[in-house]
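>>> this one's sequence-less:
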C-alpha cells in the first residue's frame, strides 16, 4: 500500500453529495456560514482505503474562483490556509470548516453573497510537510445556501441590494437602481393584522399601519372635539392632540395653517382667518384684504360694515331685494 498517493477525483466525488451539508450554525442572512460540514474519502492509487482504524492526516482548505488547480484567485482565507489534523478511518474523514472553537484554524468569514460560483480546494499531507492538492477543486453551489432563505435567522446583520451594512443597521436595504423600490409590503387578501409595526423593547407598538392603511402612533388619541388640533413637536418628532392654550381679545395662539398665511382655522373659537397671521376680532370669519363674492352673501344676524363709504363699499348687481 502506498500511503503517499491518493486517487482524488474518483474517490472524492463518491461522497460529493455529503460534502456540503449545512451545519446548524449557518448564518445565511449575512451570506457567511460560520461552520460548513465537509466529508471526503481517501484511497491510494490502487483504491485501498487509507487510515485503517484511525490515522491522523493533515488538511488545508481554501475557497477559489476557478475550478482548475493552479489557476484563479484565492477568495478565502485571506492568507495562506493553515493545516488541521483530522482522523481518517477506513478512508473517511470529516471536517467542520470554520469551527474555530473546536480547533479549526481559520474562521469561515467568506461572504457567499459576493460570488455565485466558488470552488473548494483541499490539500492533504501525511506528515504536515508535503501536501498534495486534490484536483479538480470542488464546486460549491450557492443554491445550497439559498435554500435557507425561506427562514432567515441569526445574530449577524443582513443586507439586501448591497453587501455592506448601512451604518449600524441589523437589516440594510439599498435600492439597486433609480427605478428600484427599496421595500414593498403587500397584504394578503382580507388582511386583518397590521401591515407594519415598530415596537419598543417591551413589545408595545410605537408606530403601526393597519391593514386598511390607518396610521397609529402610541399615545396619540383622537382629535375629535371642536377645540382639538394636531400638533407636531420638532424636538421629539411626535404628533400630539392639543388644544388652544390661550386667547382673549381676539388673539388666538394655536391655529391650523393652510398655505401658511392663506387660511387659518382657530382651535378654540372655531374662527376662520383669511389674509393675516393673527385675528383682530372674535368674529367667526375675518378677512383682511378684499373679498370678492360672485353670487349671494347671506348673513343671518347683524352685519357690521366698519369704515364703509361710497368709495370702498361696492355691491354689484344689487336690486331691491338685494340692496344694502
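Good, I have the coordinates. Please read all numbers here as calculations on a predicted model, not as lab measurements.

>>> how near is residue 111 to residue 163?
Applying Cβ to Cβ, to the nearest Å, the value for residue 111 to residue 163 is 6 Å. For glycine as for every other residue, the C-beta is placed from the backbone atoms N, C-alpha and C.

>>> Skipping adjacent residues, who's closest to residue 193 in space?
residue 211 (6.6 Å; Cβ to Cβ, 6 or more residues apart in numbering).

>>> swap that for residue 93, please
residue 86 (4.8 Å).

>>> what's the pLDDT at that neighbour?
Here, the pLDDT recorded for residue 86 equals 95.

>>> May I have the secondary structure class of it?
The three-state assignment at residue 86 reads strand, by DSSP: H, G, I helix; E, B strand; the rest coil.

>>> how about it, what does it touch?
Contacts for residue 86 (Cβ atoms under 8 Å, 6 or more residues apart in numbering) come out as 56, 57, 58, 59, 93, 94, 95.

>>> one more time with 6 Å, if that's ok
Contacts here follow Cβ atoms under 6 Å, 6 or more residues apart in numbering; on that basis residue 86 touches 59, 93, 95.

>>> hang on, residue 100 packs against residue 108?
No. The criterion here is Cβ atoms under 6 Å, and residue 100 misses it with residue 108 at 8.6 Å.

>>> higher neighbour count, the two?
residue 108 (23 against 13; other Cβ atoms under 10 Å).

>>> How about the more buried one: what's its closest non-neighbour residue?
Spatially, and ignoring its direct neighbours in sequence, residue 108 is nearest to residue 98 (2.7 Å; Cβ to Cβ, 6+ apart).

>>> Wait, the one you found touches residue 110, no?
No. Using Cβ under 6 Å, residue 98 makes no contact with residue 110, being 8.9 Å away.

>>> For these two, work out which one has more neighbours and name it.
residue 98 (25 against 22).

>>> and the more buried one, what does it touch?
34, 35, 104, 107, 108.

>>> Can you give me the distance of the second one to residue 222?
Counting by Cβ to Cβ, the separation of residue 35 from residue 222 is 54 Å.

>>> out of the two, which sits in the busier spot?
Of the pair residue 35 and residue 222, residue 35 is the one with more neighbours under other Cβ under 10 Å, namely 20 against 7.

>>> And the pLDDT for that one?
So, for residue 35, pLDDT stands at 81.

>>> okay but it is in contact with residue 96, surely?
Yes. Using Cβ under 6 Å, residue 35 is in contact with residue 96, at 5.4 Å.

>>> give me the element residue 280 is part of.
Using DSSP states H and E, residue 280 sits in no helix or strand.

>>> low pLDDT regions in the protein?
Low-confidence segments of the chain (pLDDT under 70): 1-33, 113-116, 141-156, 221, 223-229, 242-270, 303-324.

>>> I'd assumed residue 240 was in a strand, is it?
Yes. Residue 240: assigned to a strand according to three-state DSSP.

>>> Give the closest residue to it in space, chain neighbours not counted.
residue 231 (5.1 Å).

>>> From residue 124, how far out is residue 40?
9 Å.

>>> The two: which has the busier surroundings?
Neighbours were counted for residue 40 and for residue 124 using other Cβ under 10 Å; residue 40 has more, 26 against 23.

>>> beta partners of the spatially closest residue to residue 238 that is not a sequence neighbour?
The shortest distance from residue 238 to any residue other than its chain neighbours is 6.8 Å, reached at residue 217 (Cβ to Cβ, 6+ apart). Judged by DSSP bridges, the bridge partners of residue 217 are residue 207.

>>> mind checking the end-to-end distance for stretch 168-179?
This stretch, stretch 168-179, spans 26 Å end to end (Cα to Cα, to the nearest Å).

>>> Next, the buried residues of it.
residue 172 (16 or more other Cβ atoms under 10 Å).

>>> ok, residues contacting it?
By Cβ under 6 Å, 6+ apart, stretch 168-179 touches 157, 158, 159, 160, 161, 162, 165, 166, 182, 183.

>>> just the helices in the chain please.
8-14, 143-146 (DSSP state H).

>>> What's the local residue count around the nearest residue in space to residue 220 that is not next to it in sequence?
Leaving aside its sequence neighbours, residue 220 sits nearest to residue 239 (Cβ to Cβ, 6+ apart; 5.6 Å). The tally of other residues near residue 239 (other Cβ under 10 Å) stands at 15.

>>> Return the residues in contact with residue 239.
Contacts of residue 239 by Cβ under 6 Å, 6+ apart are 217, 220, 230, 232.
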